[in-house]
Structure formats: structure tokens, C-alpha cells
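1. Give me the fold of what follows.
(one chain, ligands or ions: 1)
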Amino acid sequence: MATKKIYLYPLWLRIWHHMNAILMLSLILTGISMQYSNPDYPLIRFDIAVSIHNISGVLLTLSYIYFFVIILFTSIGRYYVMGQGFFKSFLIQARYYILGIFRGEPHPFPVNEQRKFNPIQQISYNIVQHAITPITLITGWAMLYPETIVLNVFGYSGIMLTSLLHVIAGFSISVFLLIHLYFITVGHTVASNLKSMITGYHEIHVDDEEDIKTNSDKKTKH
Ligand code: HEM
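-> Residues are numbered from 1 along each chain as shown. The predicted structure is shown next:
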């Protein structure tokens, strides 16, 4: 089978991604420890967990600003733009993940220079990067400086609501991470997506692209 390599993950993106993954894991572990541990038998000693959580949160904010500025001002941002017909493409990809993948059908949206993400990756990366992570960071900073939080919101404690939002957003990132880890294993081979994120190069299997073309030609003729 003919293969072609394309450079999809530049070094700056890989450095950001791996820093982000390490910091997120540190935040999730220390966050869970603070939330659930018995003070007498903590998973991580409480004061240590608080310090690691705060330092990781500050570093994550810097790394997020770095990511956001580059996405905003370079052509890399185009991969995150959800174009026309997105909903239909989303359904095609969902059908593939539910059925097609188990029947050995070809990927409906294989990776190429113009399209790095399939529609489900695109929407989930957008939600996690542009909504959930900022909410987690803003509520985290607010709790670092609690004097900035409004004390009373319609009769409820502002600090309680901020901390609730922070925990819900952090929990959502943990769920995203589990789903992300599963989906990165369903590339051409189990390890091919991980390899791409480490080397920067994604291997395109030319026959996959031809399969897709033939399938869609057949569909339009019927
Ligand atoms: C152990 C943890 C992680 C591993 C092994 C991992 C692995 C990967 C791999 C292999 C890719 C490339 C395939 C693809 O584009 O789907 C990727 C992309 C991506 N991951 Fe992760 N990831 C981890 C944690 C995270 C976390 C915690 C986040 C965010 C909360 C995240 C956000 C992203 C984003 C936004 C992309 C697309 C980057 C781009 O190309 O613009 N990852 N990850």
C-alpha cells in the first residue's frame, strides 16, 4: 500500500500538547486528591496537593495563552473552523464510530493537508480548548483570589458556585481525556496517531483515500 508522510504537528504544537497533557494530569490527580481524600489518609498530603495544583494551574494558564495566540494568528487555526455542512459530516462520522469502524469500512474523513481533524475531533477539541479549559482557568484564578468573587448570587454563595463550576469543568476535562485516549487508538493502527503526535509526521495511506473516493463516486451515481 502506497504511503505518504505529511508534517501536521509542528514542534511548537507538540511541546504545547505534551506540557498541556502533563499539567492536566497533575491538576486532575491533585484535584481528585483534594476533593475526595480523607484528611487523615490523603492520597497526596493536602497542603502539597494545593501547592502542586496552584503551580500547575498558573503554568497551564501560560501554556493556554501560548496555544490560543498561535491558533488565533497563524494558519493552524483553520483546522478548528467548522465549515458549512458540519452537522451532516458529524452524523457521518458518528455512524462510522458506531457501525462502520466495526465493519472495517474506510475512515469517512481521512487526514490530509487540508483536514487534520474529523468532525467529531473538531467539535470536541473546540469545546475543550475554547470553552471548558477557559472556564476551568477563570474559575481557578477566581478561587486563588477569592476577594474578586461576588459574595451573593441570587441568594447562593458566589464562592460555592465558582467552585462548583470549577469542579464540573475539571470533571468534564477528565471525561474528555478518557474519550481522547480511546479515540487516538482508532487511527490507521492503534499507535499511528500517537506516533504522529510524537514525530510530527502523519502517515497517509493512499489506498484509503482512493477507497473513499470510489465509495463517494458510487454513492453519487446511484
Ligand atoms: C496522556 C494524555 C494525552 C495523550 C496520550 C494525547 C494524545 C494525543 C494525540 C496522539 C493527538 C493527535 C491525534 C489527534 O489529533 O487526535 C492529540 C491531539 C490533541 N490533543 Fe491530546 N493527548 C493527551 C492529553 C490531552 C489533553 C489533557 C488535552 C486537553 C485537555 C488534549 C488536547 C488535544 C488537542 C486539542 C489535540 C489536537 C492538537 C492539534 O493538532 O491542534 N490532549 N492528543
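2. Just the helices from the chain, written as ranges.
-> With helices called from DSSP state H, the chain shows them at 11-36, 46-73, 86-98, 119-127, 133-144, 158-183, 192-199, 206-221.
3. what angle sits between the fourth one and helix 158-183?
-> When you say that, I think you mean helix 119-127. Angle of helix 119-127 versus helix 158-183, following axes from the mean of the first three to the mean of the last three Cα atoms, to 10 degrees, is 150 degrees.
4. Which strands or helices does helix 119-127 pack on?
-> Here helix 119-127 touches helix 86-98, helix 158-183, going by 3 or more Cβ pairs under 8 Å, 6 or more residues apart in numbering; DSSP states H and E. In short, each C-beta sits where N, CA and C put it, glycine included.
5. Now do the buried residues in it.
-> Residues of helix 119-127 classed as buried by neighbour count (16 or more other Cβ atoms under 10 Å): 119-125.
6. hang on, the earlier thing: which stretch among the helices and strands packed on helix 119-127 approaches the ligand most closely?
-> helix 158-183 (4.8 Å; Cβ to the nearest ligand atom).
7. does any part of the closest one sit near the ligand?
-> Yes: under the criterion of Cβ under 6 Å from any ligand atom, helix 158-183 makes contact with the ligand via 173, 176-177, 180.
8. the inter-axis angle of that helix versus helix 46-73?
-> 70 degrees.
9. Generate CSV for the helices of the chain, with mean pLDDT as supplementary columns.
-> Compiled in CSV, these are given as follows (pLDDT from 0 to 100):
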stretch, mean pLDDT
helix 11-36, 96
helix 46-73, 96
helix 86-98, 96
helix 119-127, 97
helix 133-144, 98
helix 158-183, 97
helix 192-199, 94
helix 206-221, 48
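10. Can I get those helices in JSON lines including distance to Glu105?
-> Shown next, in JSON lines, are the helices of the chain (distance: least, Cβ to Cβ, whole Å):
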{"stretch": "helix 11-36", "distance to Glu105": "29"}
{"stretch": "helix 46-73", "distance to Glu105": "32"}
{"stretch": "helix 86-98", "distance to Glu105": "7"}
{"stretch": "helix 119-127", "distance to Glu105": "15"}
{"stretch": "helix 133-144", "distance to Glu105": "33"}
{"stretch": "helix 158-183", "distance to Glu105": "16"}
{"stretch": "helix 192-199", "distance to Glu105": "17"}
{"stretch": "helix 206-221", "distance to Glu105": "8"}
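11. Go through those and name the closest to Val150.
-> In terms of Cβ to Cβ, the element of these nearest to Val150 is helix 158-183, at 4.3 Å.
12. tell me which residues in that closest one are buried?
-> For helix 158-183, by 16+ other Cβ under 10 Å, it's 162-163, 166, 169-173, 176.
13. Same question for stretch 12-21.
-> Neighbour counts over stretch 12-21 (16+ other Cβ under 10 Å) mark 13, 16, 19-20 as buried.
14. now, which of those sits nearest Ile55?
-> Met19 (13.1 Å).
15. Look up how far Met34 lies from that closest one.
-> 22 Å (Cβ to Cβ, to the nearest Å).
16. Around the ligand, which positions in the chain sit nearby?
-> Going by Cβ under 6 Å from any ligand atom, the residues of the chain near the ligand are 9, 13, 17, 20-21, 24, 116, 121, 125, 128-129, 173, 176-177, 180, 184, 193-194, 196-197.
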